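> Provided below for reference: sequence and predicted model.
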Amino acid sequence: MVKGNRLVIFDVDGTLLQTDRVTVPAVQRAFAAYDLSEPDRDTICSFFGQSVAAYEQWIARQCPPGQAAEIVAAANALELRLIGEEGKLYPGARETLARLRNDSYSLAICSNGPEAYVQEFLDAHTLRDFFPVVYARDARYSGKKEMVGLILTETAPERFAVIGDRCDDIEAAHAWGGYGIAAAYGFGAAEEWQDADAIIETIAQAPGCLRDMFEA
């Protein structure tokens, strides 16, 4: 159990990881391998932040009868491989995490992604030491509100914030009395952030934003 006065919960896709460098080519290459028309980037990106079930159901709908499971598995396997080979953190992400840790913040992960995906992300980008508490939705949890509640039970902070690029990040923070910070550099839309307590244009702005909130 990790306890601290101030906790920052990070989303992964569109907040720490440039997911379009991973999932877009994984889906397109998997489709190409089966001689299927490749979905466009924007369509694939529209599923970032949604549940794994919704994403995989969409892939399955594009597949010929009887091949859906095989193609979904191929795309997922390629995605895991590309996390380390072609995936990149947002500029300044590692430095920001190090600064927050040095400033005595506790850090956690809360992602809608599958467990294997999130664990591979942490290992491939050597971030595991920053995040002693990690929750990945998979099919185990109803959504980010539930996961944030479990993180708070485990860490018992006095104050906390959630940083993410989608509306469910902001909603989960507010559901438990925390700050919701919108990562405008990710894949969300402006209307998703209208209830955010703050909006950051780069991850490097997070420490200053958090300091202002917590000290206020």
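Received it, and whenever you're ready, just let me know what you need. This structure is a prediction, so every number in the text was calculated from the model and none was measured. Numbers count the residues shown, from 1 in each chain.
> Outline the domain layout of the chain.
Taking automatic domain parsing as the reference, the chain has its domains at 6-18+88-215, 19-85.
> Distance of the residue nearest the centre of the chain relative to Phe47?
The chain has Val12 as the residue nearest its centroid, 2.3 Å off, counting by C-alpha atoms, centre = their mean. Val12 sits 14 Å away from Phe47, taking C-beta to C-beta, to the nearest Å as the criterion. All C-beta atoms are positioned from the backbone trio N, CA, C, and that covers glycine.
> Then Asp168?
14 Å.
> gap between the biggest helix by length in the chain and the chain center?
In the chain, assigned by DSSP state H, the helix with the most residues is helix 68-85. Offset of helix 68-85 from its chain centre (C-alpha atoms, centre = their mean, to the nearest Å): 18 Å.
> What's the mean pLDDT across it?
Averaged across helix 68-85, the pLDDT comes to 97.
> And that helix, what's buried?
Residues 68, 71-72, 74-76, 78-80, 82-83 are the ones in helix 68-85 that count as buried (16 or more other C-beta atoms under 10 Å).
> what does stretch 185-195 give?
By neighbour count on 16+ other C-beta under 10 Å, the buried set for stretch 185-195 is 185-188, 192-193.
> Just the closest of these to Glu158, please.
The nearest member of the buried residues of stretch 185-195 to Glu158, counting by C-beta to C-beta, is Trp193 at 25.4 Å.
> The closest one contacts Ala182, correct?
Yes - at 3.7 Å, Trp193 counts as touching Ala182 under the criterion of C-beta atoms under 8 Å.
> Which neighbours do those two have in common?
The contact sets of Trp193 and Ala182 overlap at 170, 199 (C-beta atoms under 8 Å, 6 or more residues apart in numbering).
> what stretches of this structure score poorly on pLDDT?
Within the chain, the segments meeting pLDDT under 70 span 1-4.
> and with 80 instead?
Across the chain, the ranges flagged by pLDDT under 80 are 1-4, 216.
> now the strands for it?
Using DSSP state E, the strands of the chain run over residues 6-10, 106-111, 133-136, 159-164, 179-183, 198-200.
> could you dump those strands to JSON lines with distance to Ala54 and mean neighbour count?
Converted to JSON lines, those look like this (distance: least, C-beta to C-beta, whole Å; neighbours: other C-beta atoms under 10 Å):
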{"stretch": "strand 6-10", "distance to Ala54": "22", "mean neighbour count": "25"}
{"stretch": "strand 106-111", "distance to Ala54": "15", "mean neighbour count": "25"}
{"stretch": "strand 133-136", "distance to Ala54": "15", "mean neighbour count": "20"}
{"stretch": "strand 159-164", "distance to Ala54": "17", "mean neighbour count": "26"}
{"stretch": "strand 179-183", "distance to Ala54": "21", "mean neighbour count": "25"}
{"stretch": "strand 198-200", "distance to Ala54": "26", "mean neighbour count": "18"}
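> can you redo the ones you listed as TSV with distance to Gln62?
Output for the strands of the chain, formatted as TSV (distance: least, C-beta to C-beta, whole Å):
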stretch	distance to Gln62
strand 6-10	31
strand 106-111	24
strand 133-136	25
strand 159-164	27
strand 179-183	29
strand 198-200	34
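> So for Pro25, which of those sits nearest?
So among these, strand 106-111 is nearest, using C-beta to C-beta, at 20.0 Å.
> Mind listing the strands the closest one pairs with, and their directions?
Paired neighbours of strand 106-111 in the sheet (DSSP bridges): strand 6-10 (parallel), strand 133-136 (parallel).
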